[in-house]
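Peer 1: quick one, structure for this:
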Amino acid sequence: MTAVLYGIPNCDTVKKARMWLDERGVAYDFHDFKKAGVNDALLGNWLAQVPLTTLLNRKGTTWRKLSPEQQAAAADESVARALMIENPSLIKRPVLVADGKVSVGFTPDSYASRF
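Peer 2: Residues are numbered from 1 along each chain as shown. Below is the predicted model:
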């Protein structure tokens, strides 16, 4: 089964993850969630394996642009999912799905243990 790497092409961490996979000949499909988007079912699958606190990017510019009310409401998973669908930059990057397992973020060591 081919892995799927979800992210934004100009994100530095996504670039590092793609380079790591390419250098090791790991087959993967890239899903640009700025262009192709994400849906509720996909987010639900991810959130079944990783906590919302891991998936929701609270450090980025997009998060800071949300109103305080939206930020507070994002503690509710259904609200956070709607916000991530509307603003995919609220998803921490990259998200890697390989062999049915979801991981968020990139470090060489974490990818080495997966592949």
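Peer 1: give me the below-cutoff pLDDT ranges for the protein.
Peer 2: Where the chain drops to pLDDT under 70, the residues are 1.
Peer 1: contacts for stretch 93-104 next, please.
Peer 2: 1, 3-8, 11, 13-14, 17, 28, 45-46, 49-50, 54-55, 57, 92, 105-106, 110-111, 114-115 (Cβ atoms under 8 Å, 6 or more residues apart in numbering). Every residue, glycine included, has its C-beta placed from N, CA and C.
Peer 1: next step: those residues restricted to helices.
Peer 2: Among the contacts of stretch 93-104, the residues falling in helices (DSSP state H) are 13-14, 17, 45-46, 54-55, 110-111, 114.
Peer 1: could you flag which of these are buried?
Peer 2: 14, 17, 46, 54-55, 111 (16 or more other Cβ atoms under 10 Å).
Peer 1: nearest to S67, of the residues you listed?
Peer 2: Distance to S67, by Cβ to Cβ, is smallest for L55 among these, at 20.6 Å.
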